[in-house]
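> what follows is a predicted protein model with its sequence.
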Amino acid sequence: MNTLTVDLGNRSYPIQIGQGLLDQADLLAKHISGRQVMVVSNTTVAPLYLDRVLPSLAGLQTATVILPDGEQYKTLDTLNTIFTALLEQRFNRGCTLVALGGGVVGDITGFAAASYQRGVAFLQVPTTLLAQVDSSVGGKTGVNHALGKNMIGAFHQPGCVIIDTDTLDTLDDRQLAAGLAEVIKYGLIYDADFFTWLETNVTALMARDKTALATAIGRSCAIKAEIVAADERESGMRALLNLGHTFGHAIETGTGYGNWLHGEAVAAGMLMAADLSARHGWLDSADVQRTESILRQAGLPTEPPDTMSEQQFMDLMAVDKKVVDGGLRLVLLKRIGEAIVTADFQPDLLSETLTATASA
Ligand code: NAD
Ligand code: GLY
């Protein structure tokens, strides 16, 4: 087992990564302080893994909430079903919520924990690659609004993250690829050597080579932990984790939540960011090619949906959380392994990127 730490002083917590961790009952149990535990999962993940988690909670007052599956259910209405279950079962402030599932379950459960009785404990047990390398770490929680992705939420850190890499055995290839988009992101923004390693190992990762996956998950979590420890509330460098996300969130909202997977939208968005960086003369064309090539090899989209126009992108990107005083800020690449957050991009070049990649 590989144990990392998200170093946040007295709110520090471990990320435990390994095979078969769901069967190690004490891993979860030792992070539960009160007597009441609610496991939140969904209709796909619960039949696969809930019975593996419940024995860890023996002796406690345990309840479960099974949510409908899908990004389209990452809403205030779904959140309310968790609050209703907590209140009906008289859960008090000492309770702990456990998120068992992908990023959707993790984000909703985290937000329920952030707001129930003004904040209760929660633990993350992520079961998709995307959730294991990104969403379960760092305490961003929330739900979508019809007008914008992840627009309602809170920062609320989990008490631990338990990553059983064997859960990826049941994940389909499209979801695995979506998780790889976020892994590739870490190489692009932070670690050129890791990006080179990913270029060599992308085929092994797609073939679910366990050693390669463990390395990729470990390095991704280590980078995320380092960035979150340095800038928990995103006043600076944490925004780099949003490479491709301003374009990607516009794609997810514009196409209707759930049609493009988050990781797919981020992949197309990262290439749009690379294209715009090259138009500013920062990234050379060989590095744009490398970015496109690795995304293609991972089976990810490299173009936005042809149904979206430049105007639609501009309208949707205007509600991005990085907008300050009405000004759009974008994460762009200086080179592979180095990114910046900037409002100092040329609007005409953004327009060129959007017309070159988006339709009419
Ligand atoms: P997801 O939660 O929808 O999971 C993808 C699909 O895989 C779902 O159908 C799910 O039921 C299924 N699934 C989960 N685990 C499985 C398993 N082991 N075997 C078989 N099927 C399984 O999507 P996701 O990609 O995990 O997460 C995307 C969400 O995460 C988005 O809402 C995105 O905004 C959010 N996100 C949050 C952060 C953050 O920092 N909080 C970071 C990145 C993404
Ligand atoms: N996924 C972006 C962040 O955690 O900041």
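Received, thanks. Ligands and ions are numbered 1, 2, ... in the order given.
> average pLDDT across the helix or strand where residue 268 lies?
Per DSSP states H and E, residue 268 falls inside helix 262-279. Throughout helix 262-279, pLDDT has a mean value of 97.
> any bit of that helix sitting next to ligand 2?
No - Helix 262-279 is not in contact with ligand 2 by C-beta under 6 Å from any ligand atom; minimum separation 9.2 Å. C-beta coordinates here come from the backbone N, C-alpha and C atoms, glycine included.
> which other helices and strands does that helix contact?
Other elements packing on helix 262-279 under the criterion 3 or more C-beta pairs under 8 Å, 6 or more residues apart in numbering; DSSP states H and E are helix 173-190, helix 245-255, helix 285-297, strand 330-335, helix 347-357.
> a markdown table for these, including mean neighbour count and mean pLDDT?
Below are the helices and strands packed on helix 262-279 laid out as a markdown table (neighbours: other C-beta atoms under 10 Å; pLDDT from 0 to 100):
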| stretch | mean neighbour count | mean pLDDT |
| --- | --- | --- |
| helix 173-190 | 24 | 98 |
| helix 245-255 | 25 | 94 |
| helix 285-297 | 17 | 97 |
| strand 330-335 | 20 | 97 |
| helix 347-357 | 16 | 92 |
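> ok, which of those comes nearest ligand 1?
Closest to ligand 1 of these, according to C-beta to the nearest ligand atom: helix 173-190, at 4.8 Å.
> show the subsequent helix or strand relative to the closest one.
As assigned by DSSP H and E, the chain's next helix or strand after helix 173-190 is helix 192-206.
> check which element follows that next one along the chain.
Past helix 192-206, further along toward the C-terminus, the next helix or strand under DSSP H and E is helix 210-230.
> helices or strands up against that following helix?
strand 2-6, strand 13-18, strand 161-164, helix 173-190, helix 192-206.
> out of these, which gets nearest to residue 246?
With C-beta to C-beta, the closest approach to residue 246 among these belongs to helix 173-190: 13.1 Å.
> which ones are touching the nearest residue to residue 223 once chain neighbours are set aside?
Nearest residue to residue 223 in three dimensions, chain neighbours excluded: residue 186, at 4.6 Å (C-beta to C-beta, 6 or more residues apart in numbering). Contacts for residue 186 (C-beta atoms under 8 Å, 6 or more residues apart in numbering) come out as 133, 194, 219, 220, 223, 224.
> tell me, what's the model's pLDDT at the residue nearest to the spatial centre of the chain?
Using C-alpha atoms, centre = their mean, the residue of the chain that lies closest to the mean C-alpha position is residue 135, 3.3 Å off. Listed pLDDT for residue 135 reads 98.
> which helix or strand contains residue 315?
For residue 315, the host element (DSSP H and E) is helix 310-317.
> what comes up buried for that helix?
If you call a residue buried by 16 or more other C-beta atoms under 10 Å, then helix 310-317 has these buried ones: 310, 312, 313, 314, 316, 317.
> and that helix, what does it pack onto?
The elements that helix 310-317 packs onto, with contact taken as 3+ C-beta pairs under 8 Å, 6+ apart, are helix 245-255, helix 347-357.
> and the first one, how far out from the chain middle?
Centroid separation between helix 245-255 and its chain, computed with C-alpha atoms, centre = their mean, to the nearest Å, is 14 Å.
> distance of the closest residue to ligand 2 within the chain from residue 31?
Proximity of the chain to ligand 2 (C-beta to the nearest ligand atom) peaks at residue 241, 3.8 Å away. Using C-beta to C-beta, to the nearest Å, one obtains 25 Å as the distance from residue 241 to residue 31.
> more neighbours: which of the two?
Each of residue 241 and residue 31 has its neighbours counted (other C-beta atoms under 10 Å); residue 241 has more, 23 against 19.
> the closest residue to that one other than its chain neighbours - how many residues pack around it?
Among residues not flanking residue 241 along the chain, residue 227 sits closest, at 6.2 Å (C-beta to C-beta, 6+ apart). Look at residue 227: counted by other C-beta under 10 Å, it has 23 neighbours.
> residues contacting residue 227?
Going by C-beta under 8 Å, 6+ apart, the list of residues near residue 227 reads 190, 237, 238, 240, 241.
> and of the residues you listed, the nearest to residue 127?
Of all those, residue 127 sits closest to residue 241, with 20.9 Å by C-beta to C-beta.
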